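*Asks:* build me a structure from this.
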Amino acid sequence: MPMILYACIVRLQDGLPLSASSDFHLNKQLLECKRKLKALTLTISQQPPRGTAKVFDFNIHFCSAADISSLAICSGTYPSAMAFCFLDELLWDFSASYNRTAIALASRPYSFLEFDSLIQRVKHNFNFAVDPPVQIDPSPPPVFVKLDEVEERNGTLNGYASSHPQPAPNCRMTPVTALGILSLTLNIMCSALSLIRGVHLAEHSLQCYLYLFHCSARKRKACGLLGIICLCNAYLYGLRNAWQILFHISVAALSAQQILTRKPLDKGSCPGV
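*Replies:* Model (predicted):
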């Protein structure tokens, strides 16, 4: 029976899986061990450079260097020294095959799946070595990691761990009305008239944003922004005539009214509503 059962390479910064061995095992304990390994990768940057975790009759070994980490699931009887020699060789081979820029730019899981062939070759060499391997103590020595504490840190519940953080749900707003389109158009017009005044440009742009998108404390921001626009226009009295000031304040008031009346479709899906 092979002693090294599974191996993978992940990015140290966020635990993104870069490559893994394509092994198919139906052993329930081994599948559970793989699940715990994936949970471990979420906090791999917070772990020591070398570590070991015990899961059933298996050991999870991991080794980190530079900006990547290698992890392996081994039989409980496999010498730890040889497991870390295997992980060190994977790290060296992966670093020789891909530069740091390529690793940093990887945006999807298993971007370097072709490295699997090299993982399989190295794994085969260690699993079926003719001569008994020399026992060499790894340096620094591995730290024993408790996976239960890792899962609690990840916020897992009932044995479930997500391999990647999930984005917050999008908050759907009620459809834009004709009056809302008018307020957006007038805000754009006011922004164009205030290009030389950065504050006014920012004010009207922010009103457009608050109308189109949901955010926390949206009502307070809309009312506060209306007050700021009124104060700024009062400060410009003398540079602008009364009709210009009235126009800008009216546009701001219309936009604030539209922001306050446009509600989310489903309040349960919007945090902070």
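*Asks:* low pLDDT regions in the stretch 101-250 of the chain?
*Replies:* Along the stretch 101-250 of the chain, segments meeting pLDDT under 70 span 130-140, 149-172, 194-198, 200.
*Asks:* at 50 instead, please
*Replies:* For the stretch 101-250 of the chain, applying pLDDT under 50 flags the ranges 156-169.
*Asks:* strands of that one, residue ranges please.
*Replies:* Along the stretch 101-250 of the chain, the segments classed as strands by DSSP state E, counting those that start in this stretch run 143-144.
*Asks:* please identify the buried residues of the longest helix seen in the chain?
*Replies:* As assigned by DSSP state H, the longest helix anywhere in the chain is helix 242-261. For helix 242-261, a neighbour-count test (16 or more other C-beta atoms under 10 Å) marks Ile245, Phe247, His248, Ile249, Val251, Ala252, Leu254, Ser255, Ala256, Gln258, Ile259 as buried. To be clear about C-beta, it is placed using only N, CA and C from the backbone, and glycine gets the same treatment.
*Asks:* what do you get for stretch 3-17?
*Replies:* 3-12, 15-17.
*Asks:* swap in stretch 61-70?
*Replies:* His61, Phe62, Cys63, Ser64, Ala65, Ile68, Ser69, Ser70.
*Asks:* need the CA coordinates for it. PDB is fine.
*Replies:* C-alpha atoms of stretch 61-70 as PDB (Å, rounded to 0.1, in the frame of the first residue of the first chain):
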ATOM      1  CA  HIS A  61       2.300  17.100   7.000                       C
ATOM      2  CA  PHE A  62       2.800  20.600   5.600                       C
ATOM      3  CA  CYS A  63       5.900  22.600   4.800                       C
ATOM      4  CA  SER A  64       5.900  26.300   3.800                       C
ATOM      5  CA  ALA A  65       8.600  28.300   2.000                       C
ATOM      6  CA  ALA A  66       8.600  31.700   0.200                       C
ATOM      7  CA  ASP A  67       5.100  32.100  -1.100                       C
ATOM      8  CA  ILE A  68       3.900  28.500  -1.400                       C
ATOM      9  CA  SER A  69       3.100  25.500   0.800                       C
ATOM     10  CA  SER A  70       3.200  21.800   0.200                       C
END
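*Asks:* so how far is it off the chain centroid?
*Replies:* 19 Å (C-alpha atoms, centre = their mean, to the nearest Å).
*Asks:* ditto for stretch 19-38
*Replies:* 23 Å.
*Asks:* can I get it in CSV? Just the C-alpha atoms.
*Replies:* The C-alpha trace of stretch 19-38 is given here as CSV (Å, rounded to 0.1, in the frame of the first residue of the first chain):
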residue,chain,number,x,y,z
SER,A,19,-1.9,21.9,-8.0
ALA,A,20,-2.7,18.5,-6.5
SER,A,21,-2.3,14.8,-7.1
SER,A,22,-5.2,13.3,-8.9
ASP,A,23,-5.8,10.3,-6.6
PHE,A,24,-9.1,8.6,-6.3
HIS,A,25,-9.8,7.0,-2.9
LEU,A,26,-13.1,5.8,-1.5
ASN,A,27,-11.9,5.3,2.0
LYS,A,28,-14.2,7.5,4.2
GLN,A,29,-11.5,8.2,6.7
LEU,A,30,-9.2,9.4,4.0
LEU,A,31,-11.9,11.6,2.4
GLU,A,32,-12.5,13.1,5.9
CYS,A,33,-8.7,13.7,6.2
LYS,A,34,-8.7,15.5,2.8
ARG,A,35,-11.6,17.7,4.1
LYS,A,36,-9.5,18.6,7.1
LEU,A,37,-6.5,19.3,5.0
LYS,A,38,-8.5,21.8,2.9
